[in-house]
Each structure stands twice: as structure tokens, then as C-alpha cells.
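>>> Using only what follows, build the 3D model:
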Amino acid sequence: MKTINRFALIVRPADPFIEWAAEVFNEPITKVRKELEAMEPSVYLVPESDAADPEDSQLLKPCWRTIFTQELDGWCTNEASWPQKRSLALFKVWFRLELCTIVSDLDESKIEHEIL
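Predicted structure coming up:
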């Protein structure tokens, strides 16, 4: 077993994201909430840092834009429907964040990267 030099940031949609998704597709919020809560959360490997708080700006600055884009695109590919003024503050409101500071690799095979 090897511990890797990454933190795992777990990202789940919060109420404002759910409300946006419901509005975009003209669906009841309860239906969208149930659908999103049934889905697995997104997990992003981020660089290690001194931050132990998932909402620490130092931790999020390098990655929040990419994660925000990925999460919006995963639900709606029409960028015109996305919030136009995205910011770190909005990101923190739209998503519930959890941080795992110890990530262990239990597999001996090489990690493969897929470029998206």
C-alpha cells in the first residue's frame, strides 16, 4: 500500500445547484433532488496543501473553476444555461465539499490518466 501525494475532494450538489438544475430542465425540485442524491458524488484528486478545511481558498484556488465547469457540464451541456458570473464564493455555496487528506493506493498497477 502506498499513500499518494494528493488529497481527495468530494463534491456534492447543494441546494442552489439543485434549484438551478430544476429550473434549466423545468422539473420539480423534489425530482431533481432525488435524482442527484441517488448519484455518486464526484471525487477530485487535488494537490496536497496545508489546508485541512475543504473550503479553504488556498486549497480551492487552483481547481474550483475546473470543478465548477465539470459539474455544470455533467448536468447541462448548454453553457448559455450556466450561471454567467461564477466565482469561488458561488462555488462554495453551490457545492458541499468534503476533504480526505490521506489517500492510499491499494493497487500495484500503474495509474492511468485519461485526458478529457
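>>> Please count neighbours and contacts with C-alpha atoms only from this point.
Noted.
>>> tell me what the helix or strand bottoming out on mean pLDDT in the chain is packed against?
Using mean pLDDT, DSSP states H and E, strand 2-4 stands out as the lowest-scoring helix or strand of the chain, at a mean of 88. With contacts defined as 3 or more C-alpha pairs under 8 Å, 6 or more residues apart in numbering; DSSP states H and E, the secondary structure elements packing on strand 2-4 are strand 103-105.
>>> Quick check: can you name the pairing partners of the strand it packs on and their directions?
Its sheet considered, strand 103-105 pairs with strand 2-4 (antiparallel) by DSSP bridges.
>>> Flag every buried residue along stretch 9-28.
Residues of stretch 9-28 classed as buried: 9, 10, 11, 12, 13, 14, 17, 18, 19, 20, 21, 22 (neighbour count, 16 or more other C-alpha atoms under 10 Å).
>>> can you tell me the average pLDDT over that stretch?
Averaged across stretch 9-28, pLDDT comes to 96.
>>> count of neighbours near residue 114?
Using other C-alpha atoms under 10 Å, the number of residues around residue 114 comes to 5.
>>> go on, residue 65?
Neighbour tally, residue 65, other C-alpha under 10 Å: 15.
>>> what helix or strand does it sit in?
Assigned by DSSP states H and E, residue 65 belongs to helix 64-75.
>>> which outside residues touch that helix?
Residues outside helix 64-75 that contact it (C-alpha atoms under 8 Å, 6 or more residues apart in numbering): 21, 79, 82, 87, 88, 91.
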